[in-house]
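In: Show me the folded form of this:
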Amino acid sequence: MKGPRERLMYISCVLTGSTIGPQEPDYLATVDVDPESPTYSKVIHRLPVPYVNDEIHCLGWSSCSGDTTKKRSRLILSSFASSRIYVVDTGTDQRAPRLHKVIEPREVFQKCNLAFLNSCRGLGSGEVMISAIGDPRGNGKGGFVLLEEETFDVKGNWERPTQAAPMGYDFCIQPRHNVMMSSEAGIPKYFLMGFNPADLRKGRYGRAVNVWDWTTRCLIQSIDLGEDSAPFVIRFLHNPNAAHGFVACILQGSVHHFYKTQVNVSKCP
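Out: This next block holds a predicted model:
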């Protein structure tokens, strides 16, 4: 927050499902946000991915392992529809990023039994963690994919065996309180083709905020927000000592505040 003002912005642009013109792949747009630049507020570069129908849902920086001498030069793009992961090189040419690595869905399926990828976070360990919404068959499953620090190979699951949540979506970490919180969107196979009101009150949309012990990687508590609330984006406050946060619920159209509860590691097998 004390660093220099950003001069560039990277935005994922989704063309998946477009009915206008021929089918095209999603792309990463580079936007000039330097007020002194002649191309201010304009897209100055587009990096299309090699496949169509990925639906690049989220993007996030790889980690620097707390080393202030390093620069974040790799951007991770996770795909919701295909479960493919792209690693983009933003260090060689910040204004014209290039593709560094493609992680195919089968590697995620085989090593993690997870699919429908969402949020990306660089961890203090150097690894990258990506949340999943379901399994490869479209059932609900709230687990997390870990990528290696240097190679970005799929390492496996972050959560311990049998500890996945019933559903998943976003997550936020507060290591100073040894806690991670995750949200629940719903069961992918029921909402992939769009919202169906008949699915309400059938347990097909999420309703809980899940509390994880960050050290033991165990799910220790689920906070029920009510029927078909579908908790989406979840965040702690910016203050690294804060124990408060909020979650936005898409179906209820509401925002819930939460307070980090005392973690009880004895609940973790």
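
In: residue ranges for the helices of this structure, please.
Out: For the chain, helices defined by DSSP state H occupy the ranges 105-112, 188-191.

In: Would you convert those helices into TSV that also reports mean neighbour count, mean pLDDT and distance to Ser37?
Out: Placement of C-beta: from N, CA and C, glycine included. Output for the helices of the chain, formatted as TSV (neighbours: other Cβ atoms under 10 Å; pLDDT from 0 to 100; distance: least, Cβ to Cβ, whole Å):
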stretch	mean neighbour count	mean pLDDT	distance to Ser37
helix 105-112	17	98	38
helix 188-191	18	91	41
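
In: Mind putting those into JSON lines with distance to Met9?
Out: JSON lines is the format used below for those (distance: least, Cβ to Cβ, whole Å):
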{"stretch": "helix 105-112", "distance to Met9": "28"}
{"stretch": "helix 188-191", "distance to Met9": "29"}
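
In: what's the closest of these to Gly168?
Out: Closest approach to Gly168 among those is made by helix 188-191 (9.8 Å; Cβ to Cβ).

In: What's the separation between Leu75 and Asp89?
Out: 8 Å (Cβ to Cβ, to the nearest Å).

In: the more surrounded of those two?
Out: More crowded of Leu75 and Asp89, by other Cβ atoms under 10 Å: Leu75, with 22 against 16.

In: looking at it, that one is touching Ile56, isn't it?
Out: No: counting by Cβ atoms under 8 Å, no contact exists between Leu75 and Ile56, whose distance comes to 10.9 Å.

In: hey, what's in contact with both of these two?
Out: Contact with both Leu75 and Ile56 is made by residues Leu28, according to Cβ atoms under 8 Å, 6 or more residues apart in numbering.

In: before we move on, back to that, next, show the common contact partners of Leu75 and Asp89.
Out: Contacts common to Leu75 and Asp89, judged by Cβ under 8 Å, 6+ apart, are Pro97.

In: Which helix or strand in this protein has the lowest average pLDDT?
Out: strand 254-259 (a mean of 68; mean pLDDT, DSSP states H and E).

In: mind listing what His257 touches?
Out: Contacts of His257 (Cβ under 8 Å, 6+ apart): His244, Gly245, Phe246.

In: Drop anything exposed from those.
Out: Neighbour counting by 16 or more other Cβ atoms under 10 Å classes Gly245 among the contacts of His257 as buried.

In: Pipe the contacts of His257 into TSV and attach pLDDT per row.
Out: Listed next are the contacts of His257 as TSV, based on pLDDT from 0 to 100:
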residue	pLDDT
His244	88
Gly245	90
Phe246	91
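
In: ok, now how distant is the residue nearest the centre of the chain from Cys58?
Out: Closest to where the C-alpha atoms of the chain average out (Cα atoms, centre = their mean) is Ser119, at 0.3 Å. As judged by Cβ to Cβ, Ser119 and Cys58 stand 5 Å apart.

In: Give the phi and psi angles for the residue nearest to Ser18 when sequence neighbours are not counted, as a check.
Out: Take Ser18 and drop its neighbours on the chain: the residue closest to it by Cβ to Cβ, 6 or more residues apart in numbering is Glu24, 7.2 Å away. When read as degrees, to the nearest 10, the backbone of Glu24 gives phi -130, psi 160.
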